[in-house]
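# sequence and predicted structure below; questions after.
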Amino acid sequence: MLVTITSTAPSAADLGHLVRKHPARAQSFDLSVGRAHVFYPEATDERCTIALLLEVDAIALVRQKRFGGGDSASLSQYVNDRPYASSSMVAVAIGQVFRSAMTGRSDSHPELAAAALPLTITVAAVPSRGLEQLATRLFSPLGWTVVERAIPLDPTVPAWGDSRYVDLELTGHLRLADALRQLYVLLPVLDDAKHYWVSDDEVGKLLRAGEGWLADHPDRDLIAKRYLAHQSRMVTDAQSQLDPEARTDGADGDDAATASQTKRAPALAGLRAEAVLQALADVR
């Protein structure tokens with residue numbers, strides 16, 4: 001699976017400072033979902049492209065209990081599209097490899113981290129399950145110009161039509177942190193599936209990555225349902241924290257303030273924990 005991020009901002013090669021990956025060398029990372037490779041097909045002052053290539057070992061994933069699900073003896077555990085589709089595994093790789101960039105902070109280039117950049121992002125073989133033009137529906141409200149190129153089931157047999165996969169291209173002016181956090185959330189949403197067991201901490205992940213854009217998204221409820229694997233209790237929890245009116249429904253005065261603070265506490269605790277972990281990582 002391949003993701004590319006291209007900037008044409010002045011001094012475009014400074015993009016490397018935001019992701020903390022040097023343009024002059026390729027780097028590889030062993031991740032929970034496989035092995036990721038980061039490299040720069042181009043890096044000049046006029047144009048810079050950073051590429052993330054993820055290699056997945058489907059057999060190793062089945063053997064890891066944390067990625068279990070279903071019948072471990074089933075053939076579908078070993079023969080599936082996970083090593084080839086840009087879904088939740090790519091989202092996890094983005095979150096692990098570009099973790100510092102997703103925070104929106106940069107000690108060396110704070111102005112660049114805070115600025116909206118001219119970006120073009122491509123993601124190969126994105127599953128788009130259930131709804132026509134779903135990627136456009138999800139990304140367009142966030143300021144992206146979206147191109148979805150359908151992938152045929154078999155180029156040699158046109159009569160078979162298109163598969164449920166698209167090559168995705170996004171073009172827009174956004175902060176890099178916002179772009180990465182949107183990919184982190186919306187790739188699993190497009191697939192409507194996750195490769196791991198969805199637990200309570202997924203609500204905090206959704207709220208942190210969705211900060212600043214999810215609450216006002218016209219398909220917020222669809223995003224929450226799909227990201228949280230249709231777990232109704234988690235979806236209700238996320239919706240109540242995204243909707244100020246829902247957080248204080250049935251309360252007034254001091255009771256409303258107390259209810260609001262109580263509802264927000266898990267998300268705030270998660271943000272504090274993430275900030276502490278990032279600070280520790282920065283000084284290592």
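That came in fine, so what should we check first? Everything numeric here is computed off the predicted structure, so don't read it as measured data.

# the closest residue to residue 134 other than its chain neighbours and residue 189, how far apart?
Sequence neighbours aside, residue 128 is the residue nearest to residue 134 in space, at 5.0 Å (criterion: CB to CB, 6 or more residues apart in numbering). From N, CA and C alone the C-beta is placed, and that goes for glycine too. According to CB to CB, to the nearest Å, residue 128 and residue 189 sit 10 Å apart.

# where does the spatially most central residue of the chain fall, secondary structure wise?
Most central in the chain under CA atoms, centre = their mean is residue 184, positioned 0.7 Å from the mean C-alpha point. Element membership for residue 184 (DSSP states H and E) is helix 176-191.

# and the next helix or strand after that helix, what's buried?
As assigned by DSSP H and E, the chain's next helix or strand after helix 176-191 is helix 201-209. Residues of helix 201-209 classed as buried: 202, 203, 204, 205, 206, 207, 208, 209 (neighbour count, 16 or more other CB atoms under 10 Å).

# where's helix 201-209 relative to the chain centroid, distance-wise?
Relative to the chain's own centre, helix 201-209 is displaced by 11 Å; criterion: CA atoms, centre = their mean, to the nearest Å.

# please apply the same query to stretch 156-168.
Per CA atoms, centre = their mean, the centroid offset for stretch 156-168 relative to its chain is 24 Å.

# so which helix or strand of this structure has the lowest pLDDT on average?
helix 253-283 (a mean of 49; mean pLDDT, DSSP states H and E).

# against residue 18, how distant is residue 107?
For residue 107 relative to residue 18 (CB to CB), the value is 11 Å.

# what is in contact with these two at once?
With contacts defined as CB atoms under 8 Å, 6 or more residues apart in numbering, no residue is shared by residue 107 and residue 18.

# and the angle from the host helix or strand of residue 90 to helix 201-209?
Using DSSP H and E, residue 90 maps to helix 88-97. Angle between the axes of helix 88-97 and helix 201-209 is 60 degrees (criterion: axes from the mean of the first three to the mean of the last three CA atoms, to 10 degrees).

# run the chain-centre distance for the helix or strand following helix 88-97.
For helix 88-97, the succeeding helix or strand toward the C-terminus, using DSSP H and E, is helix 99-102. Counting by CA atoms, centre = their mean, helix 99-102 is centred 12 Å from the centre of its parent chain.

# with just CA atoms, put helix 99-102 into PDB.
These are the backbone C-alpha positions of helix 99-102, laid out as PDB (Å, rounded to 0.1, in the frame of the first residue of the first chain):
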ATOM      1  CA  ARG A  99       2.900  10.700  15.000                       C
ATOM      2  CA  SER A 100       4.800  13.900  15.700                       C
ATOM      3  CA  ALA A 101       3.500  15.600  12.500                       C
ATOM      4  CA  MET A 102      -0.100  14.700  13.500                       C
END
